[in-house]
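Asks: Pasted the sequence and its predicted model underneath.
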Amino acid sequence: MPETNSNPNSIYMGYTANELAVQLDVAKTIDNLPLYQQENAKMSAHAAAELACTRDISCGEDHIQKLDIFPSAIEHAPILLDIHGGGWRTGSKDLRSFPANTVTNAGITWVPIDYGLAPNYTIDQIVHHVRSALAWVYDNVRTHGGDPDRIYISGNSAGGHLTGCILMPGWHSDYGLPEDVVKGACAISGVFDLKALVYAEYGYNDDLTMNVETAHLYSPLFHLPRSGCPLLVSYGAQEPDEFRRQSHVFCEAWKEKGFSANEIIVEGAHHFSMARQMADPDSSLFKAVVEMVNM
């Protein structure tokens, strides 16, 4: 889409550098984010203690590359590989255990993954880690009762962006994967044009240190596949304008290619409550994921 520049000082989509930074600074959009994250950690610890699971499986050459497997009781169950958020700088799979009960009860194996974080890792290394985790799942999940021919991807915030990177073309053969390895995806509250991070006065790119060319290279909006799987794009109605715009534009671009896409706007939800949608069996997003997996 063309950029709008109604403000003579705008540098991206009509925003000044400071306005754009404010739009992307979601940590300031709710009160007491640390408490919210502590609640996620407590729920995740409870799930990991109560449910059958195999944790901290190495899935790459770097020590940070690990994943957990919460198997469904169903034999040859479909897989939902989950990519955590945290602005590419924080976060952990250990905070993504809490949806496991809801997901496995729906007959789906839940696989949250870890990847390197900025500034210790660059965006190309982060994307490599996520793609490597997918390759490990494809090669090994059968031994954990999963079906490698029914792999689905979900991710929120930075994980929503990285979900989009999984859907990009041209990398699969380097990892020994078929181009159609992913049968469906759910990108939640993501950023799909990383140039926004570069143009912002402050924020995520302080640690990612991307230039415009690198940001374009890892922007899913500009690298759509030749053949797209079913895609769910979801965000909260209370999220900042730029987050909502990016999700909407990505969903529309998917549709314009002739691919199946569904935009799910969750009323009353902010950026961080979106991470809890997969744990709510009554949420519109979770129901849509289950429907996609069972198509």
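Replies: On my side now, so go ahead. Everything numeric here is computed off the predicted structure, so don't read it as measured data.
Asks: What average pLDDT does stretch 163-180 get?
Replies: Per-region confidence: stretch 163-180 scores 98 on mean pLDDT.
Asks: buried stuff in it?
Replies: Using 16 or more other C-beta atoms under 10 Å as the test for burial, stretch 163-180 gives Thr163, Gly164, Cys165, Ile166, Leu167, Met168, His172, Leu177. Placement of C-beta: from N, CA and C, glycine included.
Asks: Adding secondary structure and distance to Val26 as columns, could you present these in TSV?
Replies: Formatted as TSV, these follow (DSSP: H, G, I helix; E, B strand; the rest coil; distance: C-beta to C-beta, whole Å):
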residue	secondary structure	distance to Val26
Thr163	helix	17
Gly164	helix	18
Cys165	helix	20
Ile166	helix	22
Leu167	helix	23
Met168	coil	24
His172	helix	32
Leu177	coil	32
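Asks: Which pair of the residues you listed spans the longest distance?
Replies: Using C-beta to C-beta, the buried residues of stretch 163-180 reach their maximum pairwise distance at Gly164 and Leu177, which is 16.6 Å.
Asks: Show me which residues of the helix or strand of the chain with the lowest mean pLDDT are buried.
Replies: Every helix and strand in the chain was compared by mean pLDDT, DSSP states H and E; the lowest is helix 33-50, with a mean of 93. With burial defined by 16+ other C-beta under 10 Å, the residues of helix 33-50 counted as buried are Tyr36, Gln37, Asn40, Met43, Ser44, Ala47, Ala48.
Asks: how about those residues in a markdown table, adding distance to Ile151?
Replies: Below are those laid out as a markdown table (distance: C-beta to C-beta, whole Å):
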| residue | distance to Ile151 |
| --- | --- |
| Tyr36 | 30 |
| Gln37 | 28 |
| Asn40 | 25 |
| Met43 | 25 |
| Ser44 | 22 |
| Ala47 | 22 |
| Ala48 | 22 |
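Asks: What number of residues are in the vicinity of Lys66?
Replies: For Lys66, the neighbour count with other C-beta atoms under 10 Å is 21.
Asks: related to what we said a few turns ago, quick one: which of the buried residues of stretch 163-180 is nearest to Trp88?
Replies: Trp88 lies nearest to Cys165 out of these, by C-beta to C-beta, at 11.3 Å.
Asks: in the stretch 51-200 of the chain, what spans have low per-residue confidence?
Replies: Along the stretch 51-200 of the chain, segments meeting pLDDT under 70 are nowhere present.
Asks: Looks to me like Ala187 is in a helix.
Replies: No. Assigned with DSSP: H, G, I helix; E, B strand; the rest coil, Ala187 falls outside any helix and is strand.
Asks: got the contact list for Gln246?
Replies: By C-beta atoms under 8 Å, 6 or more residues apart in numbering, the residues touching Gln246 are Gly190, Val191, Phe192, Asp193, Ala196, Leu221.
Asks: what's the offset of the helix or strand hosting Leu285 from the middle of its chain?
Replies: Element membership of Leu285 [criterion: DSSP states H and E] is helix 284-293. With C-alpha atoms, centre = their mean, to the nearest Å as the basis, helix 284-293 stands 16 Å off its chain's centre.
Asks: Give me the contact list for it.
Replies: Contacts for helix 284-293 (C-beta under 8 Å, 6+ apart): 78, 80, 102, 106, 108, 150, 152, 154, 184, 186, 188, 230, 232, 234, 262, 264, 266, 277-281.
Asks: circling back to that earlier point, now do the least confident helix or strand of the chain: distance to the chain's middle.
Replies: Here helix 33-50 shows a centroid-to-chain-centroid distance of 19 Å under the convention C-alpha atoms, centre = their mean.
Asks: now stretch 177-191
Replies: Worked out by C-alpha atoms, centre = their mean, stretch 177-191 lies 9 Å from the chain centre.
Asks: quick one: buried residues of it?
Replies: Leu177, Val181, Val182, Lys183, Gly184, Ala185, Cys186, Ala187, Ile188, Ser189, Gly190, Val191.
Asks: Mind picking the two most distant members of those residues?
Replies: Longest span within the buried residues of stretch 177-191, C-beta to C-beta: Leu177 and Ser189, 26.2 Å.
Asks: thinking again about what came up before, would you list the contacts of Gln246 in JSON lines and tack on secondary structure and distance to Thr143?
Replies: Converted to JSON lines, these look like this (three-state DSSP; distance: C-beta to C-beta, whole Å):
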{"residue": "Gly190", "secondary structure": "coil", "distance to Thr143": "31"}
{"residue": "Val191", "secondary structure": "coil", "distance to Thr143": "35"}
{"residue": "Phe192", "secondary structure": "coil", "distance to Thr143": "34"}
{"residue": "Asp193", "secondary structure": "coil", "distance to Thr143": "39"}
{"residue": "Ala196", "secondary structure": "helix", "distance to Thr143": "41"}
{"residue": "Leu221", "secondary structure": "helix", "distance to Thr143": "36"}
